[in-house]
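[1] Using only what follows, build the 3D model:
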Amino acid sequence: MRIGTGRRRDEFEINVISLIDVLLTLLMFFVLTTTFVRQHGMQVTLPKASPQPAADASPLLVVIDRDGRDYVGGTAVQGDDMKALKDAILAAAGTDRHAPVLLQADALTSHQDVVKAMDALGQLGFARLSIATTPVHPEHR
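    Predicted structure coming up:
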């Protein structure tokens, strides 16, 4: 037997409207104060070059074939070390360190051989270095 059966029990209710308002306010705050990170590609300023070397001086020609053999001014370098390459460059260039140098390397030459030639030229004081390439034809792209 229950006493007070005529009374009705109150149902409990949670009011979430104020919680939704707080959550939306926080969401707006974070959206407006967030710094958006923009993903950029690498920005590179490409050098400008004329298609032909200057006509006032003929360049010193350094050629590296696919096997890594060096030729300076059309003459093969005797030896594979850096000293032999430097001696050949000095013999071909003389005392003029401001002369342009044209480096021609075979496409299959190892990167190390090209860097070795560039390093030898840099150590000797040559600053006007051009690397020869062949133009890409539109049908070969």
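[2] residue ranges with poor pLDDT in this structure?
    Residues of the chain meeting the criterion pLDDT under 70: 1-9, 36-57, 136-141.
[3] longest helix of it?
    helix 17-33 (DSSP state H).
[4] residue boundaries of the strands in the chain?
    Here the chain has its strands, by DSSP state E, at 60-64, 70-72, 75-76, 101-105, 129-131.
[5] and the second one, which residues are buried?
    By neighbour count on 16 or more other Cβ atoms under 10 Å, the buried set for strand 70-72 is 70, 72. Where you see a C-beta, it was placed from the backbone N, CA and C, and this is true even at glycine.
[6] Name every strand pairing with it and say which way it goes.
    Strand 70-72 sits in its sheet next to strand 60-64 (antiparallel), strand 75-76 (antiparallel), going by DSSP bridges.
[7] among those, which is the most enclosed?
    The highest mean neighbour count among the strands paired with strand 70-72, using mean count of other Cβ atoms under 10 Å, belongs to strand 60-64: a mean of 21.
[8] For the closest residue to Leu129 other than its chain neighbours, name its beta-bridge partners.
    Once flanking residues are discounted, Leu129 sits nearest to Val101: 5.0 Å by Cβ to Cβ, 6 or more residues apart in numbering. Val101 has these beta-bridge partners by DSSP bridges: Leu60, Leu129.
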